[in-house]
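A.B. asks: With the input below, show me the fold.
(2 chains)
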Amino acid sequence: MKISDFYGRLVTVQATTDLTLPQVTKLPAIKTNGKLLYCQRCQQTFSKKQFHLPNGVDYCPYCLQFGRLTSHDLLYTLPEPNLFPINEQPLSWQGKLSPLQQKCAQVLKEQAAIKKEFLLWAVTGAGKTEIMFPAISEAIKKKERICIATPRVDVCNELFPRLQQAFDRTSIVLLHANSPMKYHYSQLVICTTHQLIRFYHAFDLLIIDEVDAFPFVNNQLLQMAVAKARKRISSLLLLTATPTKQLLTKIKQHKLVCGYLPLRFHGHLLPVPQIMTLPNWRRDLLRCQIDRRLFKILEDWFKAGLPVLIFSPEIRLLVEIEKTVKKYFPHLAFSSVYAGDEKREQKVQTMRREKYQLLITTTILERGVTFAKLNVVILGADEQVFHEESLVQIAGRAGRSLKRPTGDVIFVCSMLNQAIKKAVKQIRFLNQEGEKISDENLSFLSAK
Amino acid sequence: MKICLFCQQNSIESNLFEWLFDFASHEKYLCQTCRQLFVPIDPQTACPGCGRKQSVRKLCRDCQCWIKNSSRQLLNNRALFCYNLPMKNFFERYKFRGDYQLRLIFQRRIQQAIKQLGNKRVIIPVPVSATTWQQRGFNQVEGFLEGIDYLAALTVKPDFSKDSQSHKKRRQRLASPQPFTLKPQLNLQQQACLLIDDVYTTGRTLYHASKVLQNAGVSSIKSLTLAR
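C.D. replies: Now for the predicted structure:
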């Protein structure tokens, strides 16, 4: 084991092994506090009685997926030394930011420098990744350690090659449960929010993309992991297209500073969803039928060669949808994908290369993925799985490319509900704000 | 409100009717959806040898092979659930990841089955090796038996190199040598026994264990596993 593996990390070592390392800090993995136990890795408290093993050891039930921690284990850590090479020109990205993005990036850069928390509310397809570049580049120049964490594996996988290209002289690592890379000490870390549990006061700049996504949202364990992974003096940037209620309240209470970008990078407005009320869509689907109106629309799209995503509220329905599509469009190249699918990444890649014209999916593809020229249909938009934020996100999959900056979004529902109304309202509101900016020539944007 | 132990997401809805009139079978640890993942085996139609789920009661092919190859008496195994993907997942988390609290999910069901099968039988769990016990911190079978009387009569031979049964292929598993011995100074002469194990896969482990018990002179052996 190399000494650099311990920098800003919590490494599990069994108490019996002797590993002699100078100046290493040894923490007992599980601290006892009367009848309660406290896990030093995931910072959860739990009762001793419930998690006591017959051989006299206690274990932590919360972070089992990272390997079981017992009271026999020790966590070794070394303080983060920031041993990175001097890099005066880290950014190798050749692209250009639009004036609006540039302004936003400037705000982000300033915020990253003052070591505080900051939320950027940018609409779907605003080009958040590119907006981060100047802030990251500035941090690399200062030899800081940077992490970009996101709750979604797909988002990680999409971010990694882009950042690798943009910062090709900087050491970078991609960490998630099925990552092909093993951990090594690097200046730039791209990981899922779960992986932050293994870090210990490591980062000077921690960026969390899609803060409102499952499983990060409302997950106390992960939120505490974020606090532990940052250095005591460090900046935290939160990025989202659909801030949650809690975040919005925090902004109102002035506990969180917020900047806000209501226009997409290409300057076009967000596509407003069309609502189609089909009370019997589910029954029709089980009978392998499509409503005539919907069929016409789909037929037009397929004829025009536009790729389509269909979102299903349940994994079970994927098979039914596939059957129906096969019946109506026998010559169509399509597939379906869900969270547990073994070929998940492969299928998404195929879709990206436009080999499939249709991909049927669940909420796993609601955010972080970009397919050019896309049109979107949500079946059962009034189901519980599609709440306001995910509806806005899904609608935001359309019209993301410069080639086709508009797109069609159809919400199929058996009846209107609050979530749909609120989602449409939010999109309209953002469009209004967006129009203002394009009118007022970008004078609107500022960190307020 | 309690959260389901298996999926750790859904809460367990208590059905008031169930709760009032059928308190004993009231489900405490699984939510509605997770309950349906585990497929119970009907003992009326299961294979009389190994307890495999079948539509008609007859000896399955595996058991016929056992008779042909070893001409010994078949175990009368009772299995409670099918070894399907969720069950595999359960064992992955319980045994290999070591989440000891998951024992609670099936504890009551196994103990009920023991009551049915083994009145006045000596209950003997299949042991784990000393190294496994050290690593895992528990014996997965004894976890299920918490709170009832059992006799840990068997031990794994100390020189037995166990490169984990579950990573072997079927043929390798069937060829594996006897891993168990009887603990010294135990008298099991003319006693009826009930062997308990977690999974019946090839039957090798249970047949090895029953051999040891037979040599010790027990009068009859039955066995019970959680999955088949």
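A.B. asks: CA atoms for contacts and neighbours, from now on please.
C.D. replies: Fine.
A.B. asks: Quick one: end-to-end distance for stretch A:209-220.
C.D. replies: With C-alpha to C-alpha, to the nearest Å as the measure, stretch A:209-220 spans 17 Å from end to end.
A.B. asks: That one near chain B anywhere?
C.D. replies: No. Stretch A:209-220 does not reach chain B (C-alpha under 8 Å from any C-alpha of the partner chain); its nearest approach is 11.2 Å.
A.B. asks: Report the distance from that stretch to the chain centre.
C.D. replies: Relative to the chain's own centre, stretch A:209-220 is displaced by 8 Å; criterion: C-alpha atoms, centre = their mean, to the nearest Å.
A.B. asks: so for that stretch, what's the average pLDDT?
C.D. replies: Taken as a whole, stretch A:209-220 has a mean pLDDT of 88.
A.B. asks: for chain A, what are the nearby residues on chain B?
C.D. replies: Counting by C-alpha under 8 Å from any C-alpha, chain B sits next to chain A at B:97-101, B:133-134, B:137-138.
A.B. asks: and these, which are buried?
C.D. replies: B:97-100, B:137-138 (16 or more other C-alpha atoms under 10 Å in any protein chain shown).
A.B. asks: now, which of those residues sits nearest residue A:247?
C.D. replies: residue B:99 (34.4 Å; C-alpha to C-alpha).
A.B. asks: Tell me how many other residues crowd the closest residue to chain B within the stretch 251-400 of chain A.
C.D. replies: Taking C-alpha to the nearest C-alpha, chain B has its nearest neighbour within the stretch 251-400 of chain A at residue A:340, 12.5 Å off. Counted with other C-alpha atoms under 10 Å in any protein chain shown, the neighbours of residue A:340 add up to 8.
A.B. asks: what's the answer for residue A:344, then?
C.D. replies: Around residue A:344 there are 14 residues (other C-alpha under 10 Å).
A.B. asks: And residue A:21, by the same measure?
C.D. replies: 9.
A.B. asks: hmm, back to that, turn the residues of chain B next to chain A into JSON lines, including pLDDT.
C.D. replies: Listed next are the residues of chain B next to chain A as JSON lines, based on pLDDT from 0 to 100:
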{"residue": "B:97", "pLDDT": "91"}
{"residue": "B:98", "pLDDT": "91"}
{"residue": "B:99", "pLDDT": "93"}
{"residue": "B:100", "pLDDT": "93"}
{"residue": "B:101", "pLDDT": "92"}
{"residue": "B:133", "pLDDT": "90"}
{"residue": "B:134", "pLDDT": "88"}
{"residue": "B:137", "pLDDT": "91"}
{"residue": "B:138", "pLDDT": "93"}
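A.B. asks: Let's have the buried ones among the residues of chain B next to chain A in a markdown table, adding secondary structure.
C.D. replies: Shown next, in a markdown table, are those (DSSP: H, G, I helix; E, B strand; the rest coil):
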| residue | secondary structure |
| --- | --- |
| B:97 | coil |
| B:98 | coil |
| B:99 | coil |
| B:100 | helix |
| B:137 | coil |
| B:138 | coil |
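A.B. asks: so where do the helices sit in chain B?
C.D. replies: B:16-21, B:32-35, B:61-70, B:85-91, B:103-117, B:130-136, B:140-144, B:170-174, B:204-215 (DSSP state H).
A.B. asks: ranking those helices by burial, who's on top?
C.D. replies: Compared across these, helix B:140-144 shows the largest average neighbour count, a mean of 22 (mean count of other C-alpha atoms under 10 Å in any protein chain shown).
A.B. asks: Which residues does it contact?
C.D. replies: Helix B:140-144 has contacts (C-alpha atoms under 8 Å, 6 or more residues apart in numbering or on different chains) with B:94-95, B:100, B:103-104, B:106-108, B:110-111, B:125-127, B:196-198.
A.B. asks: Recalculate using a threshold of 7 Å.
C.D. replies: Contacts of helix B:140-144 with the rest of the structure, by C-alpha atoms under 7 Å, 6 or more residues apart in numbering or on different chains, involve B:95, B:103, B:107, B:110, B:125-126, B:196-198.
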